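In: Here you go, sequence then predicted model.
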Amino acid sequence: MRHFDYYQPTEIHFGSGRLNEIGKNVATFGKRCLLVTVEGGPLETVFNRVKGYLKEEGVEVFHFNKVIPNPTTHIVNEGARMASENKVDVVLGVGGGSSMDTAKAISVGATHEGEAWDYRLFSNKKITEKRLPILAVSTTSGTGSQVTPVSVVTNSDKKSKFAIVDPLLFPSISVVDPEIMMTVPTHITASTGFDVFAHSFESYIHSDASPYTDLLAEEAIKTVVEYLPKVLDNGKDKVAREKMAWADTLAGLCIANAGTTLPHGIGMAIGGHAPNVMHGEALSVMYPEFAEYTYQSAVDKFATIAAFFNPALRNKTKDEAAKAFKDETTGFLKDIGMFFTLSELKVPERELSAIADDSVKLPDYKVNPRVATRDEIFQMLKNRF
């Protein structure tokens, strides 16, 4: 067996009803908390419950509720100013990946010189222990941010979506309570659910994959294949919601220790140039091209996962099963309402060249089983337009 490392410092509190522990969790880190969320909407009741639990423990709450999908540097900087001005002790992100990622970035921006964007991947500035403690409550099953050291932020001025990555950004405590996910709208459930699949599969074929992450990834993928269609059919299905929350947590553990590959690099670039596109949409639109391009370089693993969708493929040769991965995932995407073209997602055709350029600025493409060139990525984008 190859050598590998596995690291997970986040204390995970998983299970229905666990939200009521968040006040005590936060109070162990201080009495002044910046609560980071989107503005009201369907989660207003959850936010009010969180505030109540915090106040019961004597924690003063400062509510930053300006998070948006694909959070921007402007939003992060505004939240960092609020945290700094109010001298908060701890940052609590409650919501999907956007809220948790914003909370992580705020913890840096409020305590470090410059702004959080200055500490993105490949910069020469390093995050230090000065960063504020981070806690997270996930309200969707998709991003895995509750157990990763990653914060994804968009710089609108530069049309760039990039990651801030550091072990110090692992949340200290994360609450995963499937009960608060019961009202997530269908399309968001589908989009975040496919992100779970992508996280799991890309960590599975990643050059840094290990027996540990492979084990977690296979379990997460099996769960998504079985339970994502069920939760889309009935959003109130408690068992299906619990299973998807579990799969999301497993997938987050995978990417925290292995990482993502080509689709995520392209998806991030799409998000930088077309902020209207949800992350899961950007991934799903590229998966058919990615599969066709890659499968021959990781036949065993493509074949294994293809058979999760269609057990009859176990009777085929590995080459045949691996080749079928594209059709099986495409069929799955159609079944869950996530099969699009770039034009349908309103990605401007004039941006495709710049998206290809930015796709090779992140390291994801380098750890794909088959390493794509910028021009090959551009051709994939044109094929999916």
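Out: Thanks, I have the structure now. Residues are numbered from 1 along each chain as shown.

In: hang on, Ala80 packs against Glu115?
Out: Yes - contact criterion Cβ atoms under 8 Å: Ala80 and Glu115 qualify, at 7.1 Å. C-betas here are computed from N, CA, C, even on glycine.

In: which one of those two has more residues nearby?
Out: Using other Cβ atoms under 10 Å as the criterion, Ala80 and Glu115 rank with Ala80 on top: 25 against 16.

In: Model confidence for the more buried one, exactly?
Out: As predicted, Ala80 sits at a pLDDT of 98.

In: Kindly report the same for Glu289.
Out: pLDDT at Glu289 comes out at 97.

In: The stretch 1-150 of the chain: strands as residue ranges?
Out: Taking DSSP state E, counting those that start in this stretch, the strands of the stretch 1-150 of the chain run over residues 11-14, 32-36, 60-64, 90-95, 134-138, 150-155.

In: could those strands go into CSV alongside distance to Pro167?
Out: Below are the strands of the stretch 1-150 of the chain laid out as CSV (distance: least, Cβ to Cβ, whole Å):
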stretch, distance to Pro167
strand 11-14, 15
strand 32-36, 20
strand 60-64, 24
strand 90-95, 17
strand 134-138, 12
strand 150-155, 10
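
In: Mind putting these into CSV with mean neighbour count, mean pLDDT and distance to Asn70?
Out: CSV is the format used below for the strands of the stretch 1-150 of the chain (neighbours: other Cβ atoms under 10 Å; pLDDT from 0 to 100; distance: least, Cβ to Cβ, whole Å):
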stretch, mean neighbour count, mean pLDDT, distance to Asn70
strand 11-14, 16, 98, 26
strand 32-36, 26, 98, 15
strand 60-64, 17, 98, 17
strand 90-95, 29, 98, 13
strand 134-138, 29, 98, 18
strand 150-155, 24, 95, 5
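
In: anything in contact with each of Ala80 and Glu115?
Out: Shared contacts of Ala80 and Glu115 (Cβ atoms under 8 Å, 6 or more residues apart in numbering): Gly109.

In: For burial, what's the neighbour tally of Ala303?
Out: Applying other Cβ under 10 Å, we find 22 other residues in the vicinity of Ala303.

In: Can you tell me the closest non-neighbouring residue to it?
Out: Of all residues not flanking Ala303 in the chain, Ala321 sits nearest, at 3.7 Å (Cβ to Cβ, 6 or more residues apart in numbering).

In: what's the distance between the one you found and Lys301?
Out: 11 Å (Cβ to Cβ, to the nearest Å).

In: Before we move on, what's the pLDDT of Tyr365?
Out: pLDDT, Tyr365: 97.

In: tell me, how many neighbours does the nearest residue to Leu43 once chain neighbours are set aside end up with?
Out: Closest residue in space to Leu43, ignoring its immediate chain neighbours: Thr139 at 6.0 Å, by Cβ to Cβ, 6+ apart. Thr139 has 26 neighbouring residues, counting by other Cβ under 10 Å.

In: what about stretch 196-204, distance to the chain center?
Out: Offset of stretch 196-204 from its chain centre (Cα atoms, centre = their mean, to the nearest Å): 10 Å.

In: go on, stretch 195-215?
Out: The answer for stretch 195-215 is 14 Å, by Cα atoms, centre = their mean.

In: Now do the end-to-end distance for that stretch.
Out: 18 Å (Cα to Cα, to the nearest Å).

In: and what of stretch 229-249?
Out: 18 Å.

In: Quick one: classify Lys161 as helix, strand or coil.
Out: Following DSSP: H, G, I helix; E, B strand; the rest coil, the label given to Lys161 is strand.

In: pretty sure it is touching Ser151, no?
Out: No - the criterion here is Cβ under 8 Å, and Lys161 misses it with Ser151 at 11.5 Å.

In: can you pull the contacts of the closest residue to Arg241 other than its chain neighbours?
Out: Counting by Cβ to Cβ, 6+ apart, Pro178 is the residue found nearest to Arg241 once chain neighbours are left out, at 4.5 Å. The contact partners of Pro178, taken as Cβ under 8 Å, 6+ apart, are 15-16, 141, 238, 241-242, 244-245.

In: Same list (those) but as JSON lines, adding pLDDT.
Out: Output for those, formatted as JSON lines (pLDDT from 0 to 100):
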{"residue": "Gly15", "pLDDT": "97"}
{"residue": "Ser16", "pLDDT": "95"}
{"residue": "Ser141", "pLDDT": "93"}
{"residue": "Lys238", "pLDDT": "96"}
{"residue": "Arg241", "pLDDT": "97"}
{"residue": "Glu242", "pLDDT": "97"}
{"residue": "Met244", "pLDDT": "98"}
{"residue": "Ala245", "pLDDT": "97"}
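
In: Quick check: ChimeraX command selecting the buried ones in those residues.
Out: With 16 or more other Cβ atoms under 10 Å as the criterion, this ChimeraX line picks the buried residues out of the contacts of Pro178:
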select :15,16,141,241,242,244,245
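
In: With respect to Pro69, which of the contacts of Pro178 is nearest?
Out: For these, the residue nearest Pro69 by Cβ to Cβ is Ser141; the value is 16.3 Å.

In: neighbouring contacts of the host helix or strand of Thr329?
Out: Using DSSP states H and E, Thr329 maps to helix 318-335. Residues outside helix 318-335 that contact it (Cβ under 8 Å, 6+ apart) are 194, 225, 229, 284, 287-288, 291-292, 295-296, 298-300, 302-307, 309-310, 313-314, 316, 339.

In: Report the buried members of those.
Out: 194, 225, 284, 287-288, 291, 295, 298-299, 302-307, 309-310, 313, 316, 339.

In: which residue packs closest to His206, ignoring adjacent ones?
Out: Closest residue in space to His206, ignoring its immediate chain neighbours: Ala258 at 4.3 Å, by Cβ to Cβ, 6+ apart.

In: Distance of the residue lying closest to Arg18 once chain neighbours are set aside relative to Val50?
Out: Nearest residue to Arg18, sequence neighbours excluded (Cβ to Cβ, 6+ apart): Asp177, at 4.6 Å. In this structure, Asp177 and Val50 are 11 Å apart, going by Cβ to Cβ.
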